[in-house]
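Participant: what's the 3D shape of this:
(chains A and B)
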Protein chains: 2
Amino acid sequence: MASANPNKKFAVIILGGSEPRPDIAKLLPADAVIVAADSGWGNARVLGLTPDVLIGDMDSILPADLAAARRSDATVIEFDADKDATDTELALTHAESIGCTDIVVVSGGGDRLDHVLGIIAALGRESLATCTVTAFIGSARFTVVRAGSPARIDAQVNSLLSIFAVGGPATGVSLHGTKWQLDNATLSPHESRGVSNKVTSSPVVAQVAHGTLIIVQPLAVGNP
Amino acid sequence: MASANPNKKFAVIILGGSEPRPDIAKLLPADAVIVAADSGWGNARVLGLTPDVLIGDMDSILPADLAAARRSDATVIEFDADKDATDTELALTHAESIGCTDIVVVSGGGDRLDHVLGIIAALGRESLATCTVTAFIGSARFTVVRAGSPARIDAQVNSLLSIFAVGGPATGVSLHGTKWQLDNATLSPHESRGVSNKVTSSPVVAQVAHGTLIIVQPLAVGNP
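Facilitator: Residues are numbered from 1 along each chain as shown, chains lettered A, B, ... in the order given. Okay, here's the model as predicted:
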């Protein structure tokens, strides 16, 4: 994913909670601004990354890590704990505000499904519409696909890939490079027929005329 | 959750995949039709339940379990593997078709986030609008809240509770019994500010004028 394209600016956002899989590190862009969300600081260190920014309400970062962050060259941006936005949202807003065009979010996933749903919800927010947004959550890669921006997704042949409409119905959906192809299809956010499609050629190409899609690739079964 | 109300008919749907937590068994209604979805048959047995129905494409159930199901009194309903609907959707459709008014879905959760998202998507489908729908997925309880049907949710004081709009924006949202209350609020499906609210009194009462909500309670931290 690394790129020297001068029109792109990458951000890697490392979230708190469970530790991410260490093998995620090799899938991250090399020339990114590293943003740690709260205890994501420790998770960034687990991945061998040095954060450029620490942001959040600092209610979960270890005191030693917060002290280290303050001594470091990183920019530390602290919010009140009684905020409406989650640390994930604060980090995404910061990445947008500094002009990042390509955002990769990294989370260990873990046992708290409400946290995972909160992360997935935030990936589709409207203010990110001009960015390329991907995420590694637990053992899966998520790619957000929006109207007007077809996605070309690298995937191993025979690996699995699932497609969901999020936030509302998606119309004009096409999906090529998979066993079950879609052409000008409509997907409801309440159907699960997009689960466990099989990749037949790479890159898989997905596009949507109206609405937002999320493509999910389980990393454990042959991806990426 | 058990009830002898003659106007109610309960279904418990046991999904395949990872084994559910054994302590889920005590949270299930006692007088329910037990529907096993494919290898959910084995998971039902783990919970000490005897399925009344086995439904699915039978691509994951153990051959010995399928043979046992065919020898048993259970109704076995087999579908072609190249169907559009997932086993989860087939089981939900079956529960509706036999007149169930209260549906509880049980899944172990596990490592496949695409499966989990498929289950959550299906919980909000329009055809279930007249049913009470809850789910235990991994270590969390999910409650679907629809327009016109306020939900009263049992929860321990100080436990956590998260609220999400799913499938589209939710308007006229109220949430009482929590530290951060909502009154006639609008929730976007792309915001995560509903994550990790704290219960102050039980039952928590949630309602919505337009749209669909999902309430998520992590079972690990004091619920139910």
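
Participant: next up, the contacts around A:Ile24.
Facilitator: Residues in contact with A:Ile24 (Cβ atoms under 8 Å, 6 or more residues apart in numbering or on different chains) are A:Leu47, A:Val106, A:Phe136. In short, each C-beta sits where N, CA and C put it, glycine included.

Participant: does the last one fall in a helix, a strand, or a coil region?
Facilitator: Read that as A:Phe136. Taking DSSP: H, G, I helix; E, B strand; the rest coil as the rule, one finds A:Phe136 in the strand state.

Participant: what about it, distance to chain B?
Facilitator: Distance, A:Phe136 to chain B, using Cβ to the nearest Cβ, to the nearest Å: 11 Å.

Participant: repeat for the first one
Facilitator: Applying Cβ to the nearest Cβ, the value for A:Leu47 to chain B is 20 Å.

Participant: isn't A:Val12 right next to A:Asp31, touching?
Facilitator: No. The pair A:Val12 / A:Asp31 is not scored as a contact, 10.1 Å apart, by Cβ atoms under 8 Å.

Participant: show me the helices in chain A, by range?
Facilitator: For chain A, the helices defined by DSSP state H cover A:40-46, A:63-71, A:87-97, A:113-123.

Participant: closest one to B:Arg193 among the ones you listed?
Facilitator: B:Arg193 sits nearest to helix A:87-97 of all these, at 7.6 Å, using Cβ to Cβ.

Participant: tell me the contacts of the residue nearest in space to the middle of chain A?
Facilitator: Nearest to the mean C-alpha position of chain A, counting by Cα atoms, centre = their mean, stands A:Ala135 at 2.0 Å. Taking Cβ under 8 Å, 6+ apart, we find A:Ala135 in contact with A:Val104, A:Val105, A:Val106, A:Ser107, A:Ile119, A:Ile120, A:Leu123, A:Arg141, A:Phe142.

Participant: mind listing what's buried along stretch A:127-141?
Facilitator: Residues of stretch A:127-141 classed as buried by neighbour count (16 or more other Cβ atoms under 10 Å in any protein chain shown): A:Leu128, A:Cys131, A:Thr132, A:Val133, A:Thr134, A:Ala135, A:Phe136, A:Ile137, A:Gly138, A:Ser139, A:Ala140, A:Arg141.

Participant: return the member of these nearest to A:Pro150.
Facilitator: So of the buried residues of stretch A:127-141, ranked by how close each gets to A:Pro150 (Cβ to Cβ), first place is A:Thr132, at 11.6 Å.

Participant: right, and the closest one touches A:Ile103 too?
Facilitator: Yes. If you go by Cβ under 8 Å, A:Thr132 and A:Ile103 touch, sitting 7.1 Å apart.

Participant: give the residues shared as contacts by those two.
Facilitator: In contact with both A:Thr132 and A:Ile103: no residue, using Cβ under 8 Å, 6+ apart.

Participant: what helices or strands is the longest strand along chain A leaning on?
Facilitator: Counting residues, the longest strand in chain A under DSSP state E turns out to be strand A:160-176. If you count contacts as 3 or more Cβ pairs under 8 Å, 6 or more residues apart in numbering or on different chains; DSSP states H and E, strand A:160-176 packs onto strand A:182-187, strand A:197-198, strand A:204-207, strand A:210-218, helix B:113-123, strand B:160-176.

Participant: which of the ones you listed is buried the deepest?
Facilitator: helix B:113-123 (a mean of 24; mean count of other Cβ atoms under 10 Å in any protein chain shown).

Participant: tell me the domain boundaries of chain A?
Facilitator: A:1-138, A:139-224 (automatic domain parsing).

Participant: can you give me the pLDDT of the residue lying farthest from the centre of chain A?
Facilitator: In chain A, counting by Cα atoms, centre = their mean, A:Arg71 sits farthest out from the average C-alpha position, at 28.7 Å. As predicted, A:Arg71 sits at a pLDDT of 97.

Participant: try A:Ala32
Facilitator: 97.

Participant: hang on, the earlier thing: so which of the helices of chain A is nearest A:Val216?
Facilitator: A:Val216 sits nearest to helix A:113-123 of all those, at 9.2 Å, using Cβ to Cβ.

Participant: which stretches of chain A aren't confidently modelled?
Facilitator: A:1-4, A:220-224 (pLDDT under 70).

Participant: repeat that for 90
Facilitator: A:1-7, A:81-86, A:110-111, A:148, A:192-194, A:196, A:219-224 (pLDDT under 90).

Participant: wouldn't A:Asn7 be in contact with A:Asp102 here?
Facilitator: No. Look at A:Asn7 against A:Asp102 with Cβ under 8 Å: they stay out of range, at 10.2 Å.

Participant: neighbour count for those two, which is higher?
Facilitator: A:Asp102 (19 against 6; other Cβ atoms under 10 Å in any protein chain shown).

Participant: and that one, how far from chain B?
Facilitator: Taking Cβ to the nearest Cβ as the measure, A:Asp102 and chain B are separated by 19 Å.

Participant: bridging residues for that residue?
Facilitator: A:Phe10, A:Thr132 (DSSP bridges).

Participant: re earlier: same list (the helices and strands packed on strand A:160-176) but as JSON lines, adding distance to A:Leu54.
Facilitator: Formatted as JSON lines, the helices and strands packed on strand A:160-176 follow (distance: least, Cβ to Cβ, whole Å):
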{"stretch": "strand A:182-187", "distance to A:Leu54": "38"}
{"stretch": "strand A:197-198", "distance to A:Leu54": "39"}
{"stretch": "strand A:204-207", "distance to A:Leu54": "34"}
{"stretch": "strand A:210-218", "distance to A:Leu54": "28"}
{"stretch": "helix B:113-123", "distance to A:Leu54": "27"}
{"stretch": "strand B:160-176", "distance to A:Leu54": "24"}
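
Participant: what sits closest to A:Leu175 if chain neighbours are left out?
Facilitator: Nearest residue to A:Leu175 in three dimensions, chain neighbours excluded: A:Leu182, at 4.2 Å (Cβ to Cβ, 6 or more residues apart in numbering or on different chains).

Participant: quick check: the one you found vs chain B, distance?
Facilitator: Relative to chain B, and taking Cβ to the nearest Cβ, A:Leu182 is found at 11 Å.

Participant: got it, and A:Ala185?
Facilitator: 11 Å.

Participant: ditto for A:Pro203
Facilitator: A:Pro203 is 19 Å from chain B, by Cβ to the nearest Cβ.

Participant: can you check A:Asp183 too?
Facilitator: Distance of A:Asp183 to chain B, given as Cβ to the nearest Cβ: 15 Å.

Participant: which residues does the closest residue to that residue other than its chain neighbours bridge with?
Facilitator: Distances taken as Cβ to Cβ, 6+ apart place A:Ser174 nearest to A:Asp183, at 5.3 Å, with adjacent residues excluded. Beta-bridge pairing for A:Ser174 (DSSP bridges): A:Gln207.
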